[in-house]
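Asker: Here's a sequence, model it:
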Amino acid sequence: MTTGTVSQISVKTGKGTIVLLPAGLKAILTVLTEPEAQLGLIFFEMETRAGQVNEILREM
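Answerer: Numbers count the residues shown, from 1 in each chain. Alright, predicted model coming up:
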């Protein structure tokens, strides 16, 4: 399948949401949230942190 690259994955459960976001080629940032969490804010923060993780790992 030629669907392109994955930009994010989220799985909603009864106890919250699991969010996975690529952090460059070497890492995947994973967050577990409470059910009432505001996912838009979490996605925004995760994108920032994923960029930081990517920068750190590029130096290794």
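
Asker: part of a helix, is Thr5?
Answerer: No - Thr5: not assigned to a helix; according to DSSP: H, G, I helix; E, B strand; the rest coil it is coil.

Asker: so who does it touch?
Answerer: By CB atoms under 8 Å, 6 or more residues apart in numbering, Thr5 lies in contact with Pro22. For every residue, glycine as well, the C-beta is placed using N, CA and C.

Asker: how much space is there between it and Thr13?
Answerer: As defined by CB to CB, to the nearest Å, Thr5 lies at a distance of 25 Å from Thr13.

Asker: what's the answer for Val6, then?
Answerer: 20 Å.

Asker: contacting residues around the most centrally placed residue in the chain?
Answerer: Centroid check for the chain by CA atoms, centre = their mean gives Leu21 as the closest residue, at 2.5 Å. By CB under 8 Å, 6+ apart, Leu21 lies in contact with Ser7, Gln8, Ile9, Ile28, Leu29, Thr30, Val31, Phe43, Met46, Glu47, Ala50.

Asker: Report pLDDT for the last one.
Answerer: Reported pLDDT at Ala50 in the predicted model: 97.
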